[in-house]
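In: Return a 3D structure for these sequence lines:
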Amino acid sequence: VDVRRRAITKLRSLTITDWETGGADQGIVGNGTQYRPFQIYTAADLQKIRDAFGEGTSDAYINGIKVTSAKYFQIMRSDIELTTSNWGTGIKGFVGHITDVVSGTPGIKNNSGVPIFESIKDGGVVEGLTVKVTANNLTAPTSQAFVSPLCGENRGEIINCITSVNHHFTRGSATTGEAGGIAAICVRNYNTVSGCAFNCSNSGYLGDQDGVVAGIVLFNESGATISNCETQSTARFSCIRSSVGAICFKNDGTIDGCSSYLMGINNGTFHLGGIVFSNSGTGTVKNCFVMSTTTISLQRWTTPTEVNPTLGGIVNANSGTVDYCYVTANLSAPGIVGGIASSLENENGEIKNCWVVGSTLTGRSTEYIGGLVGRMTGGKLANSFARATMSSSETNRLGYAVGRIEDGTVANCYCTAGTTTNAAKFYASCLSGSVSGYAYNSTATGVTSFQNNGGVPMVDASNSLIDKLNSGASGYHSWVASGNYPVLSPAVASKSHRSSAKRR
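Out: Residues are numbered from 1 along each chain as shown. Coordinates of the predicted model:
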């Protein structure tokens with residue numbers, strides 16, 4: 001009888017063309033085709049899939065069928081819950097294509113503290129999956145130095161997935177220093193993460209102490225891409241002495257078309273990059289923006305030592321390339337503050353074709369504030385625009401474009417400010433760097449000032465400023481005049497990259 005029952009189960013789930021020998025019969029409904037996928041109804045089904053993949057090094061078989069990238073899986077219910085008791089580790093070496101059957105409905109509640117996928121292989125696709133953390137004060141095991149509710153290591157594709165946190169998801173506090181951290185979607189990306197989002201509800205947040213945090217991916221490796229992802233307006237970070245990237249912590253690859261709506265950050269005692277915390281020499285951040293209707297405010301921490309958190313609108317520390325990005329948000333921190341980047345460093349670091357508009361930048365008198373960059377120790381700032389209200393109690397700490405230039409080049413930028421306390425004109429102090437092109441009210445030799453007699457910056461009738469800005473732009477981007485100010489062309493500045501992760 002048992003033999004017949006198992007045979008009937010197989011005959012119902014397989015077609016003759018799918019029949020293969022070998023492997024364990026896991027008894028999951030379906031045959032892995034797109035129209036009859038392996039169907040996941042319970043946590044037990046996920047356990048069977050995890051068992052089939054084993055250590056992720058050998059071939060996986062389900063219902064006697066070898067699992068390849070052409071096989072499909074589907075989440076069939078919205079009440080699957082992973083807990084510490086039933087999910088001690090994630091699926092390792094996943095290959096195949098898994099989707100959520102009901103778009104926008106959280107198919108899996110992961111309250112186990114470890115990822116659903118420990119790793120995704122090349123060829124593996126996780127698409128349209130919504131993962132929710134609903135347990136209060138959920139802490140990942142201290143053995144998990146880097147954690148995520150969704151994925152540990154991705155070498156395949158993660159597409160249109162959402163992590164939603166109802167309560168608190170926190171990395172194990174026993175792992176301190178930058179040896180550990182947490183990300184909403186994936187810890188380490190080697191291939192593609194696209195169209196994904198992080199949000200919260202109630203009092204939910206990602207939290208860490210003495211570590212690193214990211215809203216989407218912690219480490220985006222060289223050659224990897226994060227595109228069209230966002231931290232939504234409900235996203236929250238609650239960290240102490242940590243370094244936070246609202247999209248990515250450390251980028252060595254490409255981040256394209258991502259956005260952060262950082263309304264949920266107040267009184268954070270951490271360092272922050274609005275898109276990326278650290279953008280390395282090989283990293284590129286382009287077509288991204290940061291918005292907030294409330295002030296993004298960071299506060300000094302005093303123990304174990306006193307540290308003033310730093311804040312960059314797009315990137316905190318940049319030694320790579322930032323291109324075609326903009327910020328419209330009020331930024332406040334006791335450390336170095338920059339509308340686009342807190343610091344621009346390394347001879348290869350570059351920020352170009354960026355703009356900051358409608359922002360108020362506030363800092364302490366002992367640190368530097370810049371409309372575009374807080375402090376330059378190298379690299380190039382070019383073809384960019386800032387219009388921000390800035391405040392500092394010392395004139396040698398604040399500049400319309402750069403707070404302090406120790407080395408590097410500023411070229412073809414146009415900057416002004418609203419009501420500014422102790423503004424130091426175009427730059428606060430230029431020790432060995434150079435300033436050239438077009439700048440507002442600069443005292444640097446040979447720099448042309450664009451302003452009318454009342455000191456209000458303007459685009460002149462002949463559009464010479466627009467022409468100069470566009471001389472450094474290329475491709476589909478261009479600057480246009482709007483209310484006497486230069487802005488990126490509407491087709492670019494309002495580029496829609498938010499449609500792919502919009503299963504709210």
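
In: residues contacting the spatially most central residue of the chain?
Out: Among the residues of the chain, Ile247 comes closest to the average C-alpha position under C-alpha atoms, centre = their mean, at 0.9 Å. Counting by C-beta atoms under 8 Å, 6 or more residues apart in numbering, Ile247 touches 214-217, 226, 229-231, 255, 258, 260, 275-276, 288. For every residue, glycine as well, the C-beta is placed using N, CA and C.

In: shouldn't Ser432 be in contact with Thr409?
Out: No - Ser432 lies out of contact with Thr409 (C-beta atoms under 8 Å); the separation is 10.8 Å.

In: Who has more neighbours out of those two?
Out: Thr409 (18 against 9; other C-beta atoms under 10 Å).

In: quick revisit: what about the residue nearest to the centre of the chain, distance to Thr377?
Out: Ile247 is 24 Å from Thr377, where distance means C-beta to C-beta, to the nearest Å.

In: Next step: the contacts of Ile247 restricted to strands.
Out: 214, 217, 226, 230-231, 255, 260, 276 (DSSP state E).

In: which stretches of the stretch 1-150 of the chain form helices?
Out: Applying DSSP state H, counting those that start in this stretch to the stretch 1-150 of the chain gives helices spanning 2-13, 43-53.

In: now for stretch 295-315, what's the gap between its first and last residues?
Out: 17 Å (C-alpha to C-alpha, to the nearest Å).

In: ok, now stretch 249-264?
Out: Using C-alpha to C-alpha, first and last residues of stretch 249-264 are 18 Å apart.

In: swap in stretch 59-71?
Out: 13 Å.

In: Just give me how far it sits from the chain centre.
Out: Mean-position distance between stretch 59-71 and its chain equals 33 Å (C-alpha atoms, centre = their mean, to the nearest Å).

In: swap in stretch 234-244?
Out: 13 Å.

In: what's next to it, contact-wise?
Out: 165, 168, 178, 181, 198-201, 204-215, 246, 249, 260-265, 268-273, 277-278, 301, 307, 316.

In: any weak-confidence spans in the stretch 201-350 of the chain?
Out: 266-267 (pLDDT under 70).

In: and if you look at the stretch 351-500 of the chain?
Out: Looking at the stretch 351-500 of the chain by pLDDT under 70, you get 365, 392-396, 416-429, 436-466, 468-469, 471-478, 482-500.

In: out of the contacts of stretch 234-244, which are buried?
Out: Listed as buried from the contacts of stretch 234-244 are 165, 168, 181, 198-200, 204-215, 246, 249, 260-265, 268-273, 277-278, 301, 307, 316; burial here means 16 or more other C-beta atoms under 10 Å.

In: Which of these fall in strands?
Out: Of the buried ones among the contacts of stretch 234-244, the ones assigned to strands by DSSP E are 165, 168, 181, 198-200, 205-209, 212-214, 249, 260-261, 269-273, 277-278, 316.

In: Can you get me the start-to-end distance on stretch 317-335?
Out: With C-alpha to C-alpha as the measure, the ends of stretch 317-335 fall 13 Å from one another.

In: Repeat that for stretch 384-399.
Out: For stretch 384-399, the first-to-last residue distance is 14 Å (C-alpha to C-alpha).

In: ditto for stretch 116-124
Out: Terminal residues of stretch 116-124 are spaced 14 Å apart (C-alpha to C-alpha).
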